[in-house]
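*Asks:* model the structure of this input:
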Amino acid sequence: MTTAVAAPFRFFSLQVVRTRRLGPSLTRVTFAGPDLAGFRSDGRDQSLSLFLPHPGQSEPAVPVELGDGWWQGWRELPDDVRAVMRSYTLRSLRRDAFGNTAEIDIDFVLHGVEPGAPGTQGRPEAGPACQAGPASRWAARATAGDRVLLLGPAVADNRAIRFRPPEDTGPVVLWGDETALPAAAAIVESLPAGTRARVWLEVPHARDVQELETAADAEITWLVRDRAGDPDGAALDTVRAAVLPRAGHPYVWIAGESGRVKALRRHFVHERGIDRRRVTFVGYWRRGLTEEQLREQG
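*Replies:* Residues are numbered from 1 along each chain as shown. The predicted structure follows:
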C-alpha cells in the first residue's frame, strides 16, 4: 500500500533483494520494488522509518488505511502484532535508465548478534547471552523476498536531510559511531575534490572498518572500541588532541549516541569556538533506552 501521508513523505512497499555482511557488527540489506520509482532523495544522511514484521509474520502489520491517521492506527494495534518501527539512514541508492530509484541499501547494526552461531547455516544469529533487538534479529535473518514497509521521501530535498554545509564552508569535520556510519560514509564519498575533511568513525570491532573512496582530501581515523578501555573518554580525548584544518570556515556534523554527541558538540562550540550554527548534531540513539522508550519521551 502506498497511500500518501504528507508530502514530501510516503509509504513504499519493498522486498529484500540481497544481503551482505560487512563485519561482525554490520550487515547491508538491499531493497527493491515497483514503489521505488517514486522514491527521491538528494541527501547523504537521509533519514527513513522502516516497518518490519514480527517472527512468523509474512509482512509488517500496519493499519489498512495509511492516510493522515496512520500513526494512531499503528499505535492501536496489539504490541505483538504491530509492525516494528525503527529509524535508519539511507546508505545508497541506484537509479535505472529512466532516472527512477531502482534499489536502495540500508546498513543495519547487529546489536547483540554474533556471526556464525550453531544452526544458522553461516548466517548471523543471536547467541545465548545476547540482547539483540527486533530489528537486529530481523536483519540477521533477512533473505531475498522478505517484505517490509518504508516511510521515506518522495521529494529529493526534504526536512529529513541534516547534512547541509553552508556555501562558504571550508573544512568539513565529521564524527559518527556505527549507527551513523552509513550516513557518514555516504557524506565522505560525496565530498568533491578540493574539500578538506577531518573524519572520525567509531566501530565496535576492527573488522567493521571499511574502505571509503572519496575525491576529497580526507583524513579518516577509525576508533575501534574493542581496543579502548574507556570508549567515551577515548573518543573525546582523540578529537580534543586533533589539529583541524584552519583554512576557511569549518562545518561540523556529529551523529550517534546522544550523550556522546552532546559532549562533542560542547567541545566544538565551547572549546574550539566554532559557531554553533555551523554544527549539526543528531542523536540517533541513547544508551540504556530502546527506540520505543525514546519515542515516549519525545
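
*Asks:* going forward, measure contacts and count neighbours with C-alpha atoms only.
*Replies:* OK.

*Asks:* any idea which residue of the chain is furthest from its center?
*Replies:* Distance from the C-alpha centroid of the chain peaks at A247, with 30.2 Å (Cα atoms, centre = their mean).

*Asks:* what about that one, distance to W253?
*Replies:* From A247 across to W253, the span is 18 Å (Cα to Cα, to the nearest Å).

*Asks:* kindly report the same for H111.
*Replies:* Distance from H111 to W253, by Cα to Cα: 24 Å.

*Asks:* more crowded one of the two?
*Replies:* W253 (23 against 19; other Cα atoms under 10 Å).

*Asks:* am I right that the more buried one is in a helix?
*Replies:* No - secondary structure of W253 (DSSP: H, G, I helix; E, B strand; the rest coil): strand, not part of a helix.

*Asks:* measure it to L181 for me?
*Replies:* Taking Cα to Cα, one finds W253 at 12 Å from L181.

*Asks:* now swap in R225 and tell me
*Replies:* 14 Å.

*Asks:* show me which of the two is the more surrounded one.
*Replies:* Per other Cα under 10 Å, whichever of R225 and L181 has more neighbours is L181, with 26 against 17.

*Asks:* surely that one is in contact with L201?
*Replies:* Yes - if you go by Cα atoms under 8 Å, L181 and L201 touch, sitting 6.8 Å apart.

*Asks:* what is the nearest residue to R207 once chain neighbours are set aside paired to in the beta sheet?
*Replies:* Distance criterion Cα to Cα, 6 or more residues apart in numbering; nearest residue to R207, sequence neighbours excluded, is G23 at 5.4 Å. Going by DSSP bridges, G23 is paired in beta bridges with L26.

*Asks:* which non-adjacent residue is nearest the residue farthest from the centre of the chain?
*Replies:* Sequence neighbours aside, G170 is the residue nearest to A247 in space, at 6.3 Å (criterion: Cα to Cα, 6+ apart).

*Asks:* got the contact list for the one you found?
*Replies:* 195-196, 247-251 (Cα atoms under 8 Å, 6 or more residues apart in numbering).

*Asks:* with R198 instead?
*Replies:* Here R198 is in contact with 171-174, 218-220, 244-245 (criterion: Cα under 8 Å, 6+ apart).

*Asks:* on contacts alone, who are the packing partners of the helix or strand hosting R137?
*Replies:* Assigned by DSSP states H and E, R137 belongs to helix 134-141. Where contact means 3 or more Cα pairs under 8 Å, 6 or more residues apart in numbering; DSSP states H and E, helix 134-141 is packed against strand 26-32, strand 84-89, strand 101-109.

*Asks:* now do 10 Å
*Replies:* With contacts taken as 3 or more Cα pairs under 10 Å, 6 or more residues apart in numbering; DSSP states H and E, helix 134-141 sits against strand 9-23, strand 26-32, strand 47-52, strand 84-89, strand 101-109.

*Asks:* and that helix, average pLDDT?
*Replies:* Mean pLDDT, helix 134-141: 94.

*Asks:* buried ones in that helix?
*Replies:* Residues of helix 134-141 classed as buried by neighbour count (16 or more other Cα atoms under 10 Å): 134-140.

*Asks:* what of stretch 33-40?
*Replies:* By neighbour count on 16+ other Cα under 10 Å, the buried set for stretch 33-40 is 33, 36-40.

*Asks:* swap in stretch 201-221?
*Replies:* Across stretch 201-221, burial judged by 16+ other Cα under 10 Å covers 201-204, 206, 208-209, 214, 216-218.

*Asks:* picking up where we left off before, got the contact list for the residue nearest to R207?
*Replies:* 109-110, 115, 203-210 (Cα atoms under 10 Å, 6 or more residues apart in numbering).

*Asks:* restrict the contacts of G170 to the buried ones and give me that as a ChimeraX selection.
*Replies:* For the buried members of the contacts of G170, the matching ChimeraX selection, counting by 16+ other Cα under 10 Å, is:
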select :196,249,250,251
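
*Asks:* nearest to E65, of the contacts of G170?
*Replies:* E65 has its nearest neighbour among the contacts of G170 in Y251, at 42.1 Å by Cα to Cα.

*Asks:* residue contacts, that closest one?
*Replies:* Applying Cα under 10 Å, 6+ apart, the residues contacting Y251 are 163-166, 168-174, 197, 274-280.
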